[in-house]
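Colleague: Task: produce atomic coordinates for the following.
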Amino acid sequence: MYGYKVENGEIRIDEHEASVIVGIFNAYISGMSMTNAAKNAGQLFCHSTVKRILQNACYVGGQFTPCNYKQKHIFKSKCRIDKAFF
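Modeller: Down below sits the predicted model:
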C-alpha cells in the first residue's frame, strides 16, 4: 500500500510516500481537483487512484496500520467526495 512499508514483519510509515499522501489530502481539502491535488504533491496519479487514496481508511490508522493522516482530514475529504459524486 502506498505510504507504508514492511520492516522486520511490522508495518511502518514510508516517510517520503506519506508526505505525498499528506500533500494530496491538503491540496484536495483546499479545493483542488483530485488530479491537480496529486500533481501538486508531485505525482501523476489518475483521478480514480486519488479517489481511492482519499477514501482509504488505512490512512487514518487502525488495528493493523499506524496513522498516516488525521481523521478530521479524512472526514473533510470524504464529505467533499460525497458532494461531488452524489
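
Colleague: ok, the nearest residue to Val20 once chain neighbours are set aside - contacts?
Modeller: Here the nearest residue to Val20 in space, its sequence neighbours aside, is Ala41; by C-beta to C-beta, 6 or more residues apart in numbering that works out to 4.9 Å. In short, each C-beta sits where N, CA and C put it, glycine included. The neighbours of Ala41, taking C-beta atoms under 8 Å, 6 or more residues apart in numbering as the test, are Val20, Ile21, Gly23, Ile24, Ala27.

Colleague: Where neighbours are concerned, which of those has the most?
Modeller: Among the contacts of Ala41, the one with the most neighbours (other C-beta atoms under 10 Å) is Ile24, at 28 neighbours.

Colleague: Let me see the mean pLDDT of the helix or strand harbouring Asn26.
Modeller: Asn26 belongs to helix 15-29 when assigned by DSSP states H and E. For helix 15-29, mean pLDDT is 91.

Colleague: From here on, call the first residue 209.
Modeller: Noted, 209 is the first residue going forward, which turns the last one into helix 223-237.

Colleague: list the helices and strands that helix packs on?
Modeller: helix 242-248, helix 255-263, helix 279-293 (3 or more C-beta pairs under 8 Å, 6 or more residues apart in numbering; DSSP states H and E).

Colleague: Out of those, which gets the lowest mean score?
Modeller: Among the helices and strands packed on helix 223-237, helix 279-293 carries the lowest mean pLDDT, a mean of 55.
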